[in-house]
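> 3D model of this:
(one chain, ligands or ions: 1)
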Amino acid sequence: MSKYITTPIYYVNGEAHIGHAYTTFIADTMTRYEKLKGEDTYFLTGTDEHGQKIEESAQKNGKPTQEFADEISASFKNLWDEFEISYDKFIRTTDADHKKGVQKAFEVMYAKGDIYKDFYEGHYCVSCETFFPETQLEDGEFCPDCGRTTSIIKEESYFFKLSKYEDRLLEHYANNPDFILPRSRANEVINFVKGGLRDLSVTRTSFTWGVQMPESLNDDKHVMYVWLDALLNYITALGYGKDDADMNYWPASTQFVGKDILRFHAIYWPAFLMSLDMPLPKTIGAHGWWTRDGEKMSKSKGNVISPKEVSDAYGAENLRYFMLREVPFGQDGDFSQRAFIDRINSELSNDLGNLLNRIIGMSGKYSDFEIDSIDVEKYHSKELDAMNEALGNLDEFMQNLQTHRYLEELWKLFAIGNKAIEEHAPWVKMKEDKKDEALATVALVANILAKASIMLHPIMPKTTNIIADALSFEINNESYKDLVLGKNLLKLFNIKKVPPLFPRVEEPLMEEAPKAMPDDKPNDEMKKELNAKKEEDNLIEIGQFFETSLKVGVVVEAEEVPKSKKLLKLQVDLGEGTNKQVVAGIKEFYSAESLLNTQVCVVANLKPAKLMGMMSEGMLLAAKDEDGLCLVRPEKPKKAGTPIG
Ligand code: MSP
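Below you'll find the model as predicted:
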């Protein structure tokens, strides 16, 4: 059976960081592993380029959206090429074929009665491209995922009948325990589905940067919701929607995703596929998040790590090794130079690198680099058994995506080799004139290195090719079958000298991350830098400023919003005849009473929004720093409604 492996497609609103690199490394490793085993594989990665978020990022950067998307998409692709990621296809959601495939899928779902038109009103987070029910909002206003302010959107929308698939989804999870890995993550998905699924809004009219509706629907007000568009990439990449589509690789064997997007992949995605009458992927593998030195990475903290920077400093394959060895799949991981350097020095340099050097040295000295395995079984059957046992355990770890256990188990081989050298001390045997025994130990270790490098190949392809070259064999499906599955030993072979593969690292090779202050606020220097950067990014035309109507207002009524820590409800006279209701998050800093009959500055032409069920028709100007918040007020009393400009 063929294997189809995917990464999520990455948003093109910023450059790749090590979190993205991690998903790509695991998927690449899995693909190379399956190839080594002789499987027919297809590996897909790419970029997710539609939606309001991308449109806004392009605007901020002062570029046409397509041009901006082209640039960032190319930066991902170039990075993966530099890392020699073995993808078969790099898909972009702006590809014409992809768009056609999405339209086709929409038509199929619509014809089936799974998509219908209605109205949607809800709190929308632009950053997460997601609607949230009011009950899930923080303080009635803020996105539960990213904490940003949500806005109320009421729009006509097409809906996908997600609710219809609730039972079938639950049945699928129950019958396929490996559908979500690690299994510990399945419960959160199951509980979410059991809590009841609402139909999903799958089109938008509030922006245009998206896949157009199929012509047959004749409704060009709408564009597709980004998640419908994005998830379908996994089948459009194989040609879904084209007459000559070759869908042989479908269903996918493993689809890697971060834990934050598991819900989309384990609920929406299978429901879409059920609607299209297509089989479901075998496994959705959800990994954890990477932090840096214990802190969440974010642009504003300036501590995001670029994979390129790390690989330039420490080597790309060392980074792959570190990331796959450091965290149990599914759990969060921390990137620190200290931990990275420790693993390079102890595991790569000492355990593996030194072992290879010793074998090169001893074989040169004792037998002019020519070795055979004739006496290995005679003197080292115990070691061979232990080695074969560890090798036999590896496949299960990889199938369960437990790369850290895979590598831990693999490292047992080097421990066996190092111990055999200490115990059998070939240099003593040579002195005692027991050359056969001495060479048997050297050959044992050469075989260990050969078999281990075959199994390490998916994680460190180039490095292991150098080891294989030093041991005069090639890593491929044949040597895998012969030396690993067949448990055979290398025939007569020559050993070649190679330069040290893993030079020890004494000092951190990259600058340390800027330290965030304990309260998580950027420090002064960072603030200055950030402000300078923001200023550059955020320059606006005067006309844009005057689009905002700012007015002096007088607070004529004020009361606390029950059950809210932050909100006060105010009636503000803006000289417009009727008062405006403003719900403001200032309760921690002002009592309702203290505001009565005072003057405030108000954004008077905001679209009304609902906060904790109450309409808010304006916003107060305020300034907030470490010491708290203060309202911005006119220096001298002004009439209610006086424009500010
Ligand atoms: N475009 C969507 C995915 C659509 S798939 C049909 C998306 N893109 S993303 O660029 O924001 O994230 C891509 C992947 O990177 C996700 O799997 C996400 O979990 C992962 N990571 C983003 N930051 C991460 C870390 N700090 N650590 C590990 N992975 C993280 O979501």
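> Write out the residues of the protein neighbouring the ligand.
Counting by CB under 6 Å from any ligand atom, the chain comes close to the ligand at 8-11, 19-20, 22-23, 48, 230-231, 233, 257-258, 260-261, 289-290, 297. C-beta coordinates here come from the backbone N, C-alpha and C atoms, glycine included.
> These in strands, which ones?
By the criterion of DSSP state E, membership of the residues of the chain next to the ligand in strands covers 10, 11, 48, 257, 258, 290.
> what about the residue in the chain that the ligand sits nearest to, neighbour count?
For the chain, the residue closest to the ligand is residue 258, as judged by CB to the nearest ligand atom, at 1.6 Å. Residues near residue 258, counting by other CB atoms under 10 Å, number 18.
> what's near enough to touch the residue nearest to it when sequence neighbours are not counted?
Distances taken as CB to CB, 6 or more residues apart in numbering put residue 287 closest to residue 258, at 5.9 Å, once the chain neighbours are dropped. By CB atoms under 8 Å, 6 or more residues apart in numbering, residue 287 lies in contact with 22, 23, 26, 256, 257, 258, 259, 327, 329, 330.
> Burial check on residue 593, number of neighbours?
Neighbours around residue 593, by other CB under 10 Å: 9.
> That one touches residue 558, doesn't it?
Yes: with contact defined as CB atoms under 8 Å, residue 593 and residue 558 form a contacting pair (7.1 Å).
> Quick check: buried residues in stretch 619-634?
Neighbour-count burial for stretch 619-634 flags 619, 620, 622, 631, 633 (criterion: 16 or more other CB atoms under 10 Å).
> Is the first one bridged to anything, and to what?
Per DSSP bridges, the residues bridged to residue 619 are residue 603.
> Let me know the pLDDT of it.
The model reports residue 619 with a pLDDT of 91.
> Begin at 120, not 1, for the rest of this chat.
Right, with 120 as the first residue, what we last looked at is residue 738.
> For it, which residues are in contact?
Residue 738 makes contacts with 701, 703, 721, 722, 725, as judged by CB under 8 Å, 6+ apart.
> Between all of the residues you listed, which two are at the greatest distance?
By the measure CB to CB, 703 and 725 form the most distant pair in the contacts of residue 738, at 12.0 Å.
> higher neighbour count, those two?
Using other CB under 10 Å as the criterion, residue 703 and residue 725 rank with residue 703 on top: 25 against 16.
> Let me see the contact set for the nearest residue to that one once chain neighbours are set aside.
Nearest residue to residue 703, sequence neighbours excluded (CB to CB, 6+ apart): residue 739, at 5.0 Å. By CB under 8 Å, 6+ apart, residue 739 lies in contact with 689, 701, 703, 705, 719, 720, 721, 722, 750, 751.
> Pull the number of nearby residues for residue 452.
21.
> Could you check how many residues crowd around the closest residue to it other than its chain neighbours?
Among residues not flanking residue 452 along the chain, residue 446 sits closest, at 3.3 Å (CB to CB, 6+ apart). By the criterion of other CB under 10 Å, residue 446 has 20 neighbours.
> I'd say residue 520 and residue 448 touch.
Yes: under the criterion of CB under 8 Å, residue 520 makes contact with residue 448 at 4.6 Å.
> which residues do the two both contact?
Joint contacts of residue 520 and residue 448 (CB under 8 Å, 6+ apart) are 145, 300, 301, 404.
> Could I get the contacts of residue 406 in CSV, plus columns for distance to residue 764 and pLDDT?
Shown next, in CSV, are these (distance: CB to CB, whole Å; pLDDT from 0 to 100):
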residue, distance to residue 764, pLDDT
141, 50, 98
142, 49, 97
145, 55, 98
375, 52, 98
376, 48, 98
377, 46, 97
378, 47, 96
446, 54, 96
448, 57, 96
449, 55, 96
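> Spatially, which two of these are the most separated?
Among these, 376 and 446 lie farthest apart (CB to CB), at 15.5 Å.
> The closest residue to residue 121 other than its chain neighbours: neighbour count?
Among residues not flanking residue 121 along the chain, residue 159 sits closest, at 4.2 Å (CB to CB, 6+ apart). Residues near residue 159, counting by other CB under 10 Å, number 12.
> Just to check, residue 371 is in contact with residue 125?
Yes: with contact defined as CB under 8 Å, residue 371 reaches residue 125; the gap is 5.7 Å.
> who has more neighbours, those two?
Using other CB under 10 Å, the more surrounded residue of residue 371 and residue 125 is residue 125, with 28 against 21.
> tell me the contacts of residue 376?
Contacts of residue 376 by CB under 8 Å, 6+ apart are 127, 142, 383, 384, 403, 404, 405, 406.
> Recalculate using a threshold of 7 Å.
When the contact criterion is CB atoms under 7 Å, 6 or more residues apart in numbering, the partners of residue 376 are 127, 384, 403, 405.
> buried ones in whichever strand or helix holds the third one?
Using DSSP states H and E, residue 403 sits in strand 402-406. Residues of strand 402-406 classed as buried under the neighbour-count rule (16+ other CB under 10 Å) are 402, 403, 404, 405, 406.
> cool, and stretch 300-317?
300, 301, 304, 305, 308, 309, 312, 316.
> In JSON lines, list the shared contacts of residue 520 and residue 448 along with secondary structure.
Below are the shared contacts of residue 520 and residue 448 laid out as JSON lines (DSSP: H, G, I helix; E, B strand; the rest coil):
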{"residue": "145", "secondary structure": "helix"}
{"residue": "300", "secondary structure": "strand"}
{"residue": "301", "secondary structure": "coil"}
{"residue": "404", "secondary structure": "strand"}
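> right, and residue 695 touches residue 762 too?
No: Residue 695 lies out of contact with residue 762 (CB atoms under 7 Å); the separation is 12.0 Å.
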